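Novice: Generate a structure from the sequence data that follows.
(one chain, ligands or ions: 2)
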Amino acid sequence: MKVMQLDKPGPAASQPLRVTERDIPDPGTGQVLLRVLTCGVCHTDLHIVEGEIPLPKLPIVPGHEIVGEVVRLGPGAEGLHPGERVGVAWIGDTCGHCLFCLSGRENLCPDIRFTGLHHAGGYAQYAVAQASFCYPIPGRYDNVSAAPLLCAGIIGWRAIRRAGIQPGERVGLLGFGASAHITLQVLRAWGCEVGVITRSAEHRELALTLGAAWALPYTQAPPHLLERAIIFTPAGETVLAALERLQPGGVLAIASVHLSEIPPLDHDRLLLGEREIRSVTASTRHDARTFLALADQIPLRLDTETFQLEEAGLALLRLKEGRLRQAAAVLRIAE
Ligand SMILES: [Zn+2]
Ligand SMILES: [Zn+2]
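Specialist: Numbers count the residues shown, from 1 in each chain. Ligands and ions are numbered 1, 2, ... in the order given. This next block holds a predicted model:
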């Protein structure tokens, strides 16, 4: 089978991923073999390819927004049948018996394994996954539209809840890409007034089309202060920009998996007034299932640009340079 493999991290412009052939893997105990139909390209893949987050091993096959068809089940794998379409997300496996796993916080498990980092991911024609970490995908989404739901959608959903957002609140989204464009639609379905702050004029336009009350560049002040805000960019200075726009008692959630250093933060001016900053770390299977159930209720419009498997490096470069024509990039593999 064909895979896109990372042997050594490097700048996206140097195209660190290379096409190579591997044997189709055998599903181990509790695993399933999937024929990969599509795989989303996430910002985290860019951090992996460029070595900005610690890499547990090399080589790596990235890709953790896998839409796949079950080919066969390994020993002890249950609950799935050949031919079924499932999704695989960033959380690939956990220990199942630590304090975090036993208290509904498996995203914080010290032995958590991520898809496309510890496990070979979906930038490949086939992938194996733990059967208990595969999710049914609502039938209303085609294989391309379904891919961004699996990380961009799920992480946005966790960020919504980490920020404590209640229906009807005034919310700001800072940075606008795959995750924010889905999160915006969920919040609109909840009757929230959503403002978007992003550098890109195209993304501001898309945000307005999707129901944002306003969409502004960082250089302009929003019409009012925000009750809640979520950051989707990897730029540390965005934290200060968000706090400046947050009303007293407001909460800021950081959905980014990696953030550059936050510049010195003036407590008396930006944090005092019981403003809170909360991180968002991966997600749980419960997040995935509840989000996909929600996506079955709310008809989300997915704004995708597709690439071939061999073009994964190009997709990552476009993502890095802000040159994607649409909000989310998806690799068409067996589609
Ligand atoms: Zn655990
Ligand atoms: Zn992701």
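Novice: count of residues packed around Arg161?
Specialist: Neighbour count for Arg161, taken as other C-beta atoms under 10 Å: 12. C-betas here are computed from N, CA, C, even on glycine.
Novice: Using the three-state scheme, assign it.
Specialist: Recorded secondary structure, Arg161: helix (DSSP: H, G, I helix; E, B strand; the rest coil).
Novice: per-residue confidence for it?
Specialist: As summarised for this prediction, Arg161 has a pLDDT of 97.
Novice: go on, Val32?
Specialist: Looking at Val32, its pLDDT is 98.
Novice: Double-check that it belongs to a helix.
Specialist: No. Counting by three-state DSSP, Val32 is not found in a helix; it is strand.
Novice: Okay, it and Thr94: tell me how far apart.
Specialist: The gap separating Val32 from Thr94 is 17 Å, by C-beta to C-beta, to the nearest Å.
Novice: If you count surrounding residues, which of the two has more?
Specialist: When neighbours are counted by other C-beta under 10 Å, Val32 and Thr94 differ, and Val32 comes out ahead with 29 against 24.
Novice: How much space separates the more buried one from Arg161?
Specialist: 29 Å.
Novice: in the stretch 201-335 of the chain, which spans are helices?
Specialist: Taking DSSP state H, counting those that start in this stretch, the helices of the stretch 201-335 of the chain run over residues 201-209, 238-244, 285-297, 312-320.
Novice: Which one of those lies nearest to ligand 1?
Specialist: helix 285-297 (12.4 Å; C-beta to the ion).
Novice: now the closest one, how far from the chain's geometric center?
Specialist: Helix 285-297 has its C-alpha centroid displaced from the chain centroid by 14 Å (C-alpha atoms, centre = their mean, to the nearest Å).
Novice: again with stretch 274-292
Specialist: 11 Å.
Novice: What lies in contact with that stretch?
Specialist: With contact meaning C-beta atoms under 8 Å, 6 or more residues apart in numbering, stretch 274-292 is reached by 87, 89-91, 104-108, 112, 114, 132-133, 135-138, 149-150, 153-155, 157-159, 162-163, 239, 243, 246, 248-255, 257, 271.
Novice: same thing but at 6 Å, please
Specialist: Where contact means C-beta atoms under 6 Å, 6 or more residues apart in numbering, the residues beyond stretch 274-292 that reach it are 89-91, 106-107, 135, 153-155, 157-159, 162, 246, 249-255.
Novice: same check, this time on stretch 132-149
Specialist: Among residues not part of stretch 132-149, those counted as contacts by C-beta under 6 Å, 6+ apart are 37-38, 40, 65, 67, 85-88, 92, 178, 288, 292, 295-296, 302, 304, 306, 328, 330, 335.
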